[in-house]
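>>> sequence first, then the predicted structure, then my questions.
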Amino acid sequence: MDQTETLKMIEELSNANGVSGFEEEVLKVLRNYGEGLGRISEDSLRNLYLKRKENRDDRPVVQLDAHSDEVGFMVQAVKPNGTLRFITMGGWVANNIPAHRVRVRNAEGKYIPGVVAAKPPHFMSEEERRKPALVADMVIDVGSSSREETMKDYQIRVGAPVVPDVDFEYVPERGLMFGKAFDCRLGCAAILSTLQKLSGRPLDVDLVAGFSVQEEVGVRGATVTANTIKPDLAIVFEGCPADDTFTEPYLTQTALRHGPMLRHIDARMITNPRFMRYALDLAEERGIPVQEAVRTGGATNGAPIHLSNSSVPVIVIGLPVRYIHSHYGIACYSDFENAVRLASEIIQTLNGNVIRSF
């Protein structure tokens, strides 16, 4: 797959609507691009599995993980004036939510455009202007004028999923991608690109991809995929918050154009130090730019995977994304390429003895 085809895949994955628990559109794209790479299956939680067609089922199992869901919202109630009360799905900062377009899925499966309403300053008191934003005070306006119209004409019900209304854009002269859901659709695309890159190549391990659901609401899907795949080792792809626009240079650890980020620690996982050192040394040997990070917060699917079964060596290959968990993200295509390259190089060097050394 060349760059044009890869960008088309990333665009389709980014544009797909898939808040936690409602990832069906994303799975359709994954199935389309995963066809021919191996056997695809699905569980009742809607986790998607792709077993590499060259697997022999008698070798160590390496799990490739990325989550298919994105942060978004859910309709909580319909107000008498037709606007929608909502809750957040995943981690949001309240100040980032108002005055943005969203898509609300109705009972027919159609996504209706709406806006997170912002009260005009002309009608705000000084107290209101100074008051911090609260999600409980916000509503989504789809253009309706009554509760009856919203529910009967627009067919919007309580429990409806809501996603940011953002379309993917690529700026070739800068190598930059703009869009929503880069956390973690870039990771999903990285898995597919890695499998395509390794297609037909001899390996000493079996590869199984797990496209997990509901990561943004508590790494739920990966808790299941890890116990289904039962890996001997795992590589987690994750869209990671870039820190290069607000952190002092000496402390910047996740900058755009500096390659994927490998984290030593976060709130829920201390990365296996032997596997980490192996990955860092290999990156240096092969001339792949990487960044190292020590995180005091956040977590990934590495948390449930590394504690599954009898414990699993895991590294997280992070793809830097500016302004993560908001409507718009910015990422660099070269970081994506180097993440795929790193994962591919690691996998090609693995065997039972190497994995046991971790």
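Alright, I've got the coordinates.
>>> just the buried residues of stretch 71-81, please?
Going by neighbour count (16 or more other CB atoms under 10 Å), the buried part of stretch 71-81 is 71-75, 78. For glycine as for every other residue, the C-beta is placed from the backbone atoms N, C-alpha and C.
>>> what does stretch 300-313 give?
For stretch 300-313, by 16+ other CB under 10 Å, it's 300-306, 308, 312-313.
>>> repeat that for stretch 243-258.
243-244, 252-256, 258.
>>> convert it to CSV, retaining C-alpha atoms only.
Extracted in CSV, the C-alpha atoms of stretch 243-258 (Å, rounded to 0.1, in the frame of the first residue of the first chain):
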residue,chain,number,x,y,z
ASP,A,243,3.3,18.1,24.4
ASP,A,244,5.5,20.2,22.1
THR,A,245,3.3,23.4,22.0
PHE,A,246,3.0,23.9,25.8
THR,A,247,6.0,22.2,27.5
GLU,A,248,9.5,23.5,28.0
PRO,A,249,11.8,22.1,25.4
TYR,A,250,13.9,20.1,27.8
LEU,A,251,10.7,18.3,29.1
THR,A,252,9.1,17.8,25.6
GLN,A,253,8.8,14.0,25.1
THR,A,254,6.0,13.7,22.4
ALA,A,255,6.7,16.1,19.6
LEU,A,256,5.5,16.0,16.1
ARG,A,257,8.0,14.9,13.4
HIS,A,258,10.3,13.3,16.0
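>>> rounded mean pLDDT for it, please.
Mean pLDDT, stretch 243-258: 95.
>>> and that stretch, how far out from the chain's middle?
20 Å (CA atoms, centre = their mean, to the nearest Å).
>>> contacting residues around that stretch?
Stretch 243-258 is contacted by residues 175-176, 240-242, 261, 289, 291-294, 318, 320, 322, 330-332, 334-335 when judged by CB atoms under 8 Å, 6 or more residues apart in numbering.
>>> filter the residues you listed to the buried ones?
Among the contacts of stretch 243-258, those scoring as buried are 175-176, 240-242, 261, 291, 293, 318, 320, 322, 330-332, 335 (criterion: 16+ other CB under 10 Å).
>>> okay, and which of those map to strands?
Within the buried ones among the contacts of stretch 243-258, residues falling in strands by DSSP state E are 176, 240-241, 261, 291, 293, 318, 320, 330-332.
>>> for these, name the two members farthest from one another.
Using CB to CB, the pair of these lying farthest apart is Leu176 and Ala293, separated by 21.4 Å.
>>> could you look up the SS state of Lys119?
Secondary structure assignment for Lys119 (DSSP: H, G, I helix; E, B strand; the rest coil): coil.
>>> list the contacts for it?
Applying CB under 8 Å, 6+ apart to Lys119 gives the contacts Glu128.
>>> just Ala267 next, same as before
Ala267 neighbours (CB under 8 Å, 6+ apart): 295-299.
>>> helix or strand next in line after the helix or strand of the chain with the lowest mean pLDDT, which one?
Ranked by mean pLDDT, DSSP states H and E, the weakest helix or strand in the chain is helix 126-130, scoring a mean of 83. Following helix 126-130 in sequence order, the next helix or strand is strand 140-141 (DSSP states H and E).
>>> ok, residues contacting the least confident helix or strand of the chain?
With CB under 8 Å, 6+ apart as the test, helix 126-130 has contacts from 119, 121.
>>> and Ala222, what does it touch?
By CB under 8 Å, 6+ apart, the neighbours of Ala222 are 65, 67, 210, 212, 215, 301, 303-305.
>>> which two in the residues you listed are spaced the farthest apart?
Of all pairs drawn from those, the one with the longest distance (CB to CB) is Gly210 and Ala303, at 14.2 Å.
>>> in the stretch 101-250 of the chain, which spans are helices?
In the stretch 101-250 of the chain, the helices defined using DSSP state H, counting those that start in this stretch lie at 126-130, 147-148, 182-198, 220-229.
>>> just the CA atoms of the least confident helix or strand of the chain, as CSV, please.
Taking Å, rounded to 0.1, in the frame of the first residue of the first chain, the C-alpha atoms of helix 126-130 are listed here in CSV:
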residue,chain,number,x,y,z
GLU,A,126,-21.1,39.3,34.1
GLU,A,127,-21.5,36.4,36.5
GLU,A,128,-22.3,34.1,33.6
ARG,A,129,-19.2,35.3,31.6
ARG,A,130,-16.9,34.5,34.6
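>>> list the buried residues for that helix?
Within helix 126-130, judged by 16+ other CB under 10 Å, no residue is buried.
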